[in-house]
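Chemist: A predicted structure for the sequence below; I have some questions about it.
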Amino acid sequence: MDCTNCKNKVCRVGEECAVVAFDTKEVVKAYHKEQPFVQAAAKLVDNGKAGTLSRLEETIEFAKIMDFRTIGLAYCYGMENDAKLVTGLLRSKGFKVEAASCTVGGIAQNDVNLTSNNCNVSCNPIGQAQQLNTRKPDLVLTMGLCLGHDILFNREIKADTTTLVVKDRVHQNQPSREFAKIEY
């Protein structure tokens, strides 16, 4: 399957293409079980707000619609100033915020990575997730977690999670800048 190279695009007019490998009726049933999320997303997209809100504004609106009270924030220590700004803004909007740095627990890198001789503090995405799990957030936001660390974090976190900022050091955390420059 490669939707990017599909010439027909029949899915865009409500038809199922020949390569669909899932049971459409079962997928629709799954959406019926997730109505609060479906309806909250629709309020942001279908009610004319698509393209008018930043990712942070969308997140705040979504959290309000869902009546979330506690937001977890998992961030890279390199983005701590931004994390402080986000934490302050979320609190000003009435949310309780539990923020966990990637260095939470102060574990040495050579304790985490069995092939490392580096005794400096390691990123600790598993501990970060476990720390936030103890706080039972309604929603978790990630900011700038390293590739691989984000995967470990997402495997461990027990709350619904979305990415606020993806780490891309080369493009100042705006990876779409890269897409425009790539020659095919």
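Modeler: Thanks, I have it. These numbers were taken from a predicted model, which means no experiment stands behind them.
Chemist: List the contacts of the longest helix seen in the chain.
Modeler: Ranked by number of residues, the top helix in the chain under DSSP state H is helix 80-92. By Cβ atoms under 8 Å, 6 or more residues apart in numbering, the residues outside helix 80-92 that reach it are 56, 60, 71, 73, 75, 97, 99, 101, 141, 143-144, 164-165. (Glycine included, C-beta is placed from N, CA and C.)
Chemist: of these, buried ones?
Modeler: Neighbour-count burial (16 or more other Cβ atoms under 10 Å) applied to these gives 60, 71, 73, 75, 97, 99, 101, 141, 143-144, 164-165.
Chemist: Now intersect these with the helices, please.
Modeler: The helices, defined by DSSP H, take in Ile60 from the buried ones among the contacts of helix 80-92.
Chemist: which two in the buried ones among the contacts of helix 80-92 are spaced the farthest apart?
Modeler: Using Cβ to Cβ, the pair of these lying farthest apart is Ile60 and Ser101, separated by 21.9 Å.
Chemist: Phi and psi next, for Ser54.
Modeler: phi -70, psi 170 (degrees, to the nearest 10).
Chemist: what about the chain, any weak spots by pLDDT?
Modeler: Across the chain, the ranges flagged by pLDDT under 70 are 171-184.
Chemist: per the record, what domains does it have?
Modeler: The record's domain parsing of the chain by automatic domain parsing lists 18-52, 68-181.
Chemist: what's the most buried one of these?
Modeler: Comparing the domains of the chain by mean neighbour count (mean count of other Cβ atoms under 10 Å), domain 68-181 comes out on top with a mean of 16.
Chemist: so how far is that one off the chain centroid?
Modeler: Per Cα atoms, centre = their mean, to the nearest Å, the displacement of domain 68-181 from the mean C-alpha position of its chain is 10 Å.
Chemist: quick one, helices of the protein?
Modeler: For the chain, applying DSSP H gives helices covering 24-33, 35-45, 55-65, 80-92, 109-112, 125-135, 149-156, 176-181.
Chemist: helices and strands around the fifth one, which ones?
Modeler: Contacts defined by 3 or more Cβ pairs under 8 Å, 6 or more residues apart in numbering; DSSP states H and E place helix 109-112 against no helix or strand at all.
Chemist: Only C-alpha atoms, please: export that helix in PDB.
Modeler: Only the C-alpha atoms of helix 109-112 are listed here, as PDB (Å, rounded to 0.1, in the frame of the first residue of the first chain):
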ATOM      1  CA  GLN A 109      24.200   7.000  31.400                       C
ATOM      2  CA  ASN A 110      26.400   4.000  32.000                       C
ATOM      3  CA  ASP A 111      23.700   2.500  34.200                       C
ATOM      4  CA  VAL A 112      21.100   2.800  31.400                       C
END
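Chemist: Give me the contact list for it.
Modeler: Identification of contacts with helix 109-112 by Cβ under 8 Å, 6+ apart yields 116-122, 124.
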